[in-house]
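In: Need a 3D model of the following:
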Amino acid sequence: MSISKSPSVFLRHVRAAAIVLAAAGILVSPARADLVITQPTGLGSFDANVLFKTQSTDVTTALGFSNGAGSPQIITFTSGDAFNTDASGQAVISPFGTTFNDLTMTASGTASAFTALLLNVIVPTTETLTFTSPTPITSGATQQVTANGENFILISAINGETFNSLSFTSSGNLSHVQQVRVDIAGAVSTVPEPSTWAMMVIGFFGVGFLAYRRQKHGGLRLT
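Out: Presented below is the predicted three-dimensional model:
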């Protein structure tokens, strides 16, 4: 059986491919992982409470572990200031010296990213916390906290996405950071990128072009 295809038909297919590629660029954009930061009225439930396995003094890095099965390592805490960790119960971070006003939390170990993170920031006076992240923060990047005992801060990823790092600084000094809880994301979005759609379409029409060339120079036969 012979397959023939006129140049005009093939050109129409090429034009259709161009339209598909343009639509891919317009309609299929990567999901954006924005963060929303609030002070919740209710705490809700989370995948894991963060624990420390050892008590540390005068450190700038500490590894946090899940309270779940096997207690895997899931988060790393770092600071420009020295701090202490308490291994009894849920993770508690306190200042080693007189200055402790910044903290970074990064997904690590068995956790590649988070969908939510909760922490309780204890301060001696009313202070302002300023949050930053490689992931854009849509709202709540600054939070005022008071010396009333508990200041729970909730960081949530929206649009079904994830984040893997978050930092904050205080206008004063922190007394404690404690009761850290996280929702762990096992994978990022599987929605294909526009470039992926483009490569797929180019591949399909590349095969079609080769078939056309073979037909033009001797015919393409299917047996």
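In: Only C-alpha atoms from now on, for both contacts and neighbour counts.
Out: Will do.
In: Same question for the host helix or strand of Ala62: list its buried residues.
Out: Per DSSP states H and E, Ala62 falls inside strand 56-66. Residues of strand 56-66 classed as buried: Ser56, Val59, Thr60, Thr61, Ala62, Leu63, Gly64, Phe65, Ser66 (neighbour count, 16 or more other C-alpha atoms under 10 Å).
In: Pick out whichever of those residues sits closest to Gly80.
Out: Nearest to Gly80 among these: Thr60, at 6.6 Å, using C-alpha to C-alpha.
In: residue contacts, the closest one?
Out: Neighbouring residues of Thr60 by C-alpha atoms under 8 Å, 6 or more residues apart in numbering: Phe77, Thr78, Ser79, Gly80, Asp81, Ala82, Phe83.
In: The last one contacts Ile93, doesn't it?
Out: By that I understand Phe83. Yes: Phe83 lies in contact with Ile93 (C-alpha atoms under 8 Å); the separation is 6.6 Å.
In: gap between Gly149 and Leu166?
Out: From Gly149 across to Leu166, the span is 23 Å (C-alpha to C-alpha, to the nearest Å).
In: When the two are compared, which one has more neighbours?
Out: Leu166 (19 against 12; other C-alpha atoms under 10 Å).
In: which non-adjacent residue is nearest that one?
Out: Spatial nearest neighbour of Leu166, excluding adjacent residues (C-alpha to C-alpha, 6 or more residues apart in numbering): Ser133 at 4.7 Å.
In: Kindly report the same for Ser170.
Out: Excluding its sequence neighbours, the residue lying closest to Ser170 (C-alpha to C-alpha, 6+ apart) is Leu129, at 4.5 Å.
In: okay but the one you found is in contact with Leu174, surely?
Out: No: contact between Leu129 and Leu174 fails when scored by C-alpha under 8 Å: they sit 10.0 Å apart.
In: more crowded one of those two?
Out: Legend: neighbour count by other C-alpha under 10 Å for Leu129 and Leu174, higher for Leu174 (24 against 21).
In: so the more buried one makes contact with Thr98?
Out: No: taking contacts as C-alpha under 8 Å, Leu174 lies outside contact range of Thr98: 9.6 Å.
In: residue boundaries of the helices in this structure?
Out: Here the chain has its helices, by DSSP state H, at 7-27, 194-216.
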